[in-house]
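> model this:
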Amino acid sequence: MTSRPPDLRELVGDDVPPDELARLGRVHDLLVQAGPPPELPAELAEPPQATGSVSVLPRRRWRTIAALAAALALAAFGIGWLAAAARDSGGESLPKVEFRVPMQGTGAAPHAVAGNWPMAMTVRGLPSLPAGERYQLWLTEDGKLIASCGTFHAEGETVVYLNAPFRLRGKGWAVTREGSKQLLMRTSTI
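Modelled structure (predicted):
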């Protein structure tokens with residue numbers, strides 16, 4: 001027994017604009033002409049039984065991908081840090097490496113290696129010191145001087161190249177006259 005297809009007005013109602021009704025009418029006629037879809041084959045009527053588990057990537061691949069992502073993030077951070085350092089120093093770069101002196105461990109520490117973190121510090125506003133006197137840059141923790149980063153001479157605006165061979169988290173810097181503990185400049189905690 002064949003059933004009669006529904007009238008288009010029964011499906012969409014009477015409040016459809018005439019141009020939209022004409023477009024829907026053409027689509028409706030094509031669907032009626034095409035007829036119902038064929039019956040679904042029996043093998044597709046029942047959903048397949050799930051067996052086992054599905055894994056997007058093997059477990060060991062996740063570790064590789066995570067390590068790669070971490071390396072890329074670290075590289076992006078390093079590039080950004082270097083670009084910001086160059087911008088903040090007015091385009092000046094760290095001094096050119098003239099030579100390298102490799103250090104190797106001794107019998108007391110056979111696996112020891114050495115390195116440092118060079119930094120360029122622009123100094124302004126410090127008074128000129130008498131001949132032979134110098135300023136000293138200190139690493140600070142909780143406002144206390146904890147380690148010297150080196151000494152320098154400054155006149156007017158001076159760029160000083162020093163090393164920071166210390167972990168810097170939770171620390172700051174201060175400048176004194178060499179041999180004095182009176183702070184002339186300081187930073188907040190880094």
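
> Quick one: name whatever helix or strand follows the helix ranked longest in the chain.
Counting by DSSP state H, the longest helix found in the chain is helix 59-88. Next along the chain after helix 59-88, taking DSSP states H and E as the criterion, comes strand 118-123.

> Pull the distance from whichever helix or strand comes after that next one to the chain's centre.
Where DSSP H and E defines the elements, the next helix or strand beyond strand 118-123 is strand 135-141. Distance of strand 135-141 from the chain centroid (C-alpha atoms, centre = their mean, to the nearest Å) equals 30 Å.

> just stretch 126-145 next, same as before
For stretch 126-145, the distance to the chain centre is 35 Å (C-alpha atoms, centre = their mean).

> Ok, stretch 21-38 next?
55 Å.

> right, and the helix or strand after the longest strand belonging to the chain?
Counting residues, the longest strand in the chain under DSSP state E turns out to be strand 144-152. The helix or strand immediately downstream of strand 144-152 is strand 158-163, counting by DSSP H and E.

> any idea how far Val32 is from Thr64?
Between Val32 and Thr64 the computed distance is 57 Å (C-beta to C-beta, to the nearest Å). All C-beta spots, glycine's among them, are computed from the backbone N, C-alpha and C.

> All set, thanks.
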